[in-house]
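**Student:** Here is a sequence together with a model predicted from it:
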Amino acid sequence: MVTALALAIWPSGRVAAQDSQFGIKGLGTPGRWESVRARSTGGAFAPFDPFSPLTDASLADARRMSASITGGTSWRTLEPTGAAQASSLRATRFPALVIAGPVTRRIVVGGGFATYLDRTFGVRIQDTIDLRGVQEPVTDEITSDGAVTDLRLAAAARLHTRLALGLGFHLLTGSTRVVATRSFADSTNYRNSTARDEVAYSGAGGSASLLLDVTRDVRLAGWLRSDSRLRADIGGRQVAENDLPFSYGAGLQWRAGAQAAVAGTVMWRNWRGASPADSNSHDTLNWSVGAEIGSLGTPLRFGVRGGQLPFGVGQAPSEVAYSAGLGRQFSGGRGRLDIGLERLERKGTALTERVWTFLVGLTVRP
Amino acid sequence: MGRFGWLLPVLAAAACTENATAPGVCPTFCPSGSISIKDTIFGAIIERDSSFRGYLQGYQATLMTAADSPGVVDSRSFFTTETMITRIAPKAGDTTTVPIVVDSVRLRFIIAQRDKQATNLGLKLFQLPITVDSTSDFASLDPSFTAPPLDSVNITNLLAQAKTTDTAVIRFWSDSVRIDSAGNVLRVQADSSLLLFLKLDTLQAPLSPPDSGRLAYGIRVAADSFARLSLVTEQTSAGAGPQLHWYYHYTIPDTISTKPDSVVYADRVATTRFDSFVFDPPSAAIDSNLAVGGVPSARSLLRVAMPKFLHDSIDVVRATLILVPVSPVRGIARDSFAIEGRNVTADLGAKSPLGTTFATTFIHVGSADTVQLELTNLVRAWSLDTTQVTSLFLRQLPEAASYAQARFYSSRAPAFRPALHVTYVHRFQFGGP
């Protein structure tokens, strides 16, 4: 628990989601506000899962003090169109943490962090330039390590036995360590040039969500979120300011008996409105469908998701992912370990990304 | 392990190392900023440059040069040795002394530099008056150097000799050596310098009680061409200069020994007392150009007026000082010497104290090419630290060890003045998408 709390107040670049080359030209790669359980169902269970930071109303289901952390390791392959060489990348991230507990019989308060935008990438560019009349091979390496982190404080109230309302305040923070290095093949005469900086991000946002139990087996979720402008500072000096998108979505969950549930979600985000001057920004519509079957102690999950990415040259890059996972309770239900595996493919102008992600989640109820 | 054993591979996978860098697919998947580089020759950045002479004299140098190129230069080395005992007390504590009798003498030199292509490279030894000192010049020593030599040795021939394989000889000399018919010995050291031992008799190295056993010798060099070599002096380190190794014996009288007239053999080393070299023609006087080298040694002080933008938002990746020679350096063909550019910690003119950042390049005798000295480290330091003194000294290495002197155009010659060629990278603009 102490570790979890420490992680909660640690807005470091290591708290990141899944990197993508499609985020380099834009503000970054949007994070997934999902626990391992929700992610294993393609994200379809996220609006109904109290340990997924997507909605605040779902916290109303956390009837005991609980904490959950998500971690994942991804292996990413880049296949540029027409380029001879594919490359493989690796990353380990802790994209979400949620702590929640009831303060009264009807009100639950929670918080934690999630990745808002991942800004971790590195590009290596080789070129030959004319220096002093000589063709000089050079290698540029530009790296960014960090993310914009969403620190959330939220409350959910059960207004009625069938209706829960959630409200959240979001503080966007975090930083990226950025390094640009030029190295020369002729290292005898030319010294490498390295520039380093740390870009700090700040912003704020608010969210609201509802959970409505239409019947005993059917549950509806709706949510919306609005964020302020994202400010980027270097050494206390503002270097950029960008609008952030308004987003909303809805979800439906159906419990088909005691050992099966199916859910689906759809979410829209107006990234184009956030950066109207940037022709490489796109509005995104993302959907997901998933199911969880089996007992509460050892469920089996699977799902599929699809949609667009907000940044990319020309048309919006598309993504589709298939995921599956398992869960296992231990210590009499006081703890739960979830694992998941996701296969993701992103396609855009001039690039295809394929990602395998192995997810591990731990939930404890002391 | 037990029921949670399957957690191990899970944790191992999670602990994998990061690799987030991939070949860039630009411009589509690269940051909008780029690393831009500029290359500029600052023609008027060197200002208030001056030359000064007198830092080191020939007798303070770590090498002394002997060279002979008719019509170009004639350089001659000389030295005096420390005193040598002429009598010895045969018994410790006894006030009675007996004379020593010299059997033989070996004169040792360390030849640090020579032209390896020279043929019939020879060394001639001349007797000089022991009164030679720092006031001796080429003219005053010329009679001694034009007299018949005491001895001579052909170094090329010695080098052509096979190494001795006699274990007794190797044990005595501590290494394989080459020996000529006159008994002169040559040993090639690991750093390719030569240890030369001349065998002298008592006429060539007389032990003179009035002179306290001191001797003075001069050295000239000869070869079919490229006659030049440099000898290590006592200034390099104690005992590194020429040495006289006296081998002698004395007789212990019957009155103080149980054995009748026993003979004792011993040896003693006399190190260098003074060494220097003289040459003709002498180094040219300082004028409006920049002089580097010669004897007494000359240095040039260059002051660099760094433009403000070289301090801001740039990163110097290469800086080259460009110097245009007034004329080719005179000397023996195929010879070269190093010049060093070294920062100063305070600009006090001729007496500016030297700093620790330096760069070197070689200047070749007879070449009129522009000299380029890489000052990247120095200019980078100036660029980053505005408190540093942006001046540097140019000097020869080693100083005052050779007649060779380079002369470059100064800032007073607008068409050929020194310039600084700087290649720099603009600071990358972070923060944007």
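**Tutor:** Yep, that arrived. Residues are numbered from 1 along each chain as shown, chains lettered A, B, ... in the order given.
**Student:** Tell me which residue in the stretch 201-350 of chain A sits closest to chain B.
**Tutor:** Minimum separation of the stretch 201-350 of chain A from chain B (CB to the nearest CB) falls at A:Val239, amounting to 3.2 Å. Every residue, glycine included, has its C-beta placed from N, CA and C.
**Student:** ok, how many other residues are close to the residue lying closest to that residue once chain neighbours are set aside?
**Tutor:** Spatial nearest neighbour of A:Val239, excluding adjacent residues (CB to CB, 6 or more residues apart in numbering or on different chains): B:Gly431 at 3.2 Å. Residues near B:Gly431, counting by other CB atoms under 10 Å in any protein chain shown, number 18.
**Student:** I'd assumed A:Arg231 was in contact with B:Gly431.
**Tutor:** No: counting by CB atoms under 8 Å, B:Gly431 sits too far from A:Arg231 to count as a contact (10.1 Å).
**Student:** Now the common contact residues for the two.
**Tutor:** By CB atoms under 8 Å, 6 or more residues apart in numbering or on different chains, B:Gly431 and A:Arg231 have these common neighbours: A:Ala240.
**Student:** Now do the same for the top strand by length along chain B: mean pLDDT, whole number.
**Tutor:** Using DSSP state E, we find that the single longest strand of chain B is strand B:101-114. Averaged over strand B:101-114, pLDDT sits at 94.
**Student:** Check stretch A:225-240 too.
**Tutor:** For stretch A:225-240, mean pLDDT rounds to 92.
**Student:** Compute the first-to-last residue distance for it.
**Tutor:** 22 Å (CA to CA, to the nearest Å).
**Student:** mind listing what's buried in that stretch?
**Tutor:** Going by neighbour count (16 or more other CB atoms under 10 Å in any protein chain shown), the buried part of stretch A:225-240 is A:225, A:227, A:230, A:232-234, A:239-240.
**Student:** Keep only those of those residues that are in strands.
**Tutor:** Per DSSP E, strands hold the following members of these: A:225, A:227, A:230, A:232-234, A:239-240.
**Student:** Can you pick out the most distant pair from the residues you listed?
**Tutor:** Greatest spacing in those, by CB to CB: A:Arg225 and A:Ile234 (27.6 Å).
**Student:** what stretches of the chain score poorly on pLDDT?
**Tutor:** Since no chain was named, I'll use chain A. For chain A, applying pLDDT under 70 flags the ranges A:1-18, A:83-84, A:274-278.
**Student:** I was thinking of chain B, sorry if that wasn't clear
**Tutor:** B:1-17, B:255-261, B:432-433.
**Student:** could you redo the last one with a cut-off of 50?
**Tutor:** B:1-2 (pLDDT under 50).
**Student:** returning to that earlier point: can you convert the ones in strands among the buried residues of stretch A:225-240 into CSV and add a column each for distance to B:Ala20?
**Tutor:** CSV is the format used below for these (distance: CB to CB, whole Å):
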residue, distance to B:Ala20
A:Arg225, 28
A:Asp227, 26
A:Leu230, 22
A:Ala232, 20
A:Asp233, 23
A:Ile234, 21
A:Val239, 22
A:Ala240, 22
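**Student:** ok, which stretches of the stretch 251-366 of chain A are helices?
**Tutor:** For the stretch 251-366 of chain A, the helices defined by DSSP state H, counting those that start in this stretch occupy A:271-274.
**Student:** So which other helices or strands are in contact with the helix or strand that the longest strand of chain B is followed by?
**Tutor:** Later in the chain than strand B:101-114, the nearest helix or strand by DSSP states H and E is strand B:122-128. Packing partners of strand B:122-128 (3 or more CB pairs under 8 Å, 6 or more residues apart in numbering or on different chains; DSSP states H and E): helix B:138-146, strand B:151-154, helix B:155-160, strand B:216-222.
**Student:** List the buried residues of the longest one.
**Tutor:** Neighbour counts using 16+ other CB under 10 Å place B:138, B:141, B:144-145 of helix B:138-146 among the buried residues.
**Student:** cool, the second one as well?
**Tutor:** Within strand B:151-154, the residues scored as buried using 16+ other CB under 10 Å are B:151, B:153-154.
**Student:** beta partners of A:Leu351?
**Tutor:** When assigned by DSSP bridges, A:Leu351 has beta-bridge partners A:Pro80, A:Gly348.
**Student:** so what's B:Phe337 closest to, chain neighbours aside?
**Tutor:** Nearest non-adjacent residue to B:Phe337, counting by CB to CB, 6+ apart: B:Ala404, 5.3 Å away.
**Student:** Sorry, wrong one. I was asking about B:Thr40.
**Tutor:** Nearest non-adjacent residue to B:Thr40, counting by CB to CB, 6+ apart: B:Val422, 5.6 Å away.
**Student:** and the helix or strand hosting the one you found, which strands flank it?
**Tutor:** Assigned by DSSP H and E, B:Val422 belongs to strand B:419-426. Note on strand B:419-426: by DSSP bridges, its sheet partners are strand B:37-42 (antiparallel), strand B:314-323 (antiparallel).
**Student:** Only C-alpha atoms, please: export that strand in PDB.
**Tutor:** Output in PDB follows, covering the C-alpha atoms of strand B:419-426 (Å, rounded to 0.1, in the frame of the first residue of the first chain):
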ATOM      1  CA  ALA B 419      41.300  33.400 -38.700                       C
ATOM      2  CA  LEU B 420      39.200  31.100 -36.700                       C
ATOM      3  CA  HIS B 421      37.100  28.500 -38.500                       C
ATOM      4  CA  VAL B 422      34.200  27.500 -36.300                       C
ATOM      5  CA  THR B 423      31.600  24.800 -36.900                       C
ATOM      6  CA  TYR B 424      28.700  25.000 -34.500                       C
ATOM      7  CA  VAL B 425      25.300  23.500 -33.800                       C
ATOM      8  CA  HIS B 426      22.300  25.700 -33.000                       C
END
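**Student:** Sort out which residues of stretch A:344-354 are buried, please.
**Tutor:** Within stretch A:344-354, the residues that qualify as buried are A:344, A:346-348, A:351, A:353-354, counting by 16+ other CB under 10 Å.
**Student:** what does the stretch 1-150 of chain A have sitting close to chain B?
**Tutor:** Residues of the stretch 1-150 of chain A lying close to chain B (CB under 8 Å from any CB of the partner chain) are A:19, A:21-22, A:24-27, A:71-73, A:78, A:80, A:83, A:85, A:87-92, A:120-126, A:129, A:131-132, A:138, A:140-145.
**Student:** Narrow the residues you listed to those that are buried.
**Tutor:** Of these, these count as buried by 16+ other CB under 10 Å: A:19, A:21-22, A:24-27, A:71-73, A:78, A:80, A:87, A:89, A:91-92, A:120-123, A:125, A:131, A:138, A:140-145.
**Student:** longest single strand anywhere in chain A?
**Tutor:** Using DSSP E, we find that the single longest strand of chain A is strand A:134-160.
**Student:** Which other helices and strands does that one contact?
**Tutor:** Counting by 3+ CB pairs under 8 Å, 6+ apart, the packing neighbours recorded for strand A:134-160 are strand A:107-118, strand A:121-131, strand A:163-173, strand A:175-184, strand A:193-213.
**Student:** circling back: present the buried residues of helix B:138-146 as a markdown table; the columns should include distance to chain A.
**Tutor:** Converted to a markdown table, the buried residues of helix B:138-146 look like this (distance: CB to the nearest CB, whole Å):
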| residue | distance to chain A |
| --- | --- |
| B:Phe138 | 42 |
| B:Leu141 | 45 |
| B:Ser144 | 49 |
| B:Phe145 | 45 |
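**Student:** Out of these, which two are the most distant from each other?
**Tutor:** Across the buried residues of helix B:138-146, the longest distance by CB to CB is 11.2 Å; it joins B:Phe138 and B:Ser144.
**Student:** ok, the helix or strand containing B:Thr251: who's next to it in the sheet?
**Tutor:** If you go by DSSP H and E, B:Thr251 is part of strand B:243-252. The strands that strand B:243-252 pairs with in its sheet are strand B:101-114 (antiparallel), strand B:262-270 (antiparallel) (by DSSP bridges).
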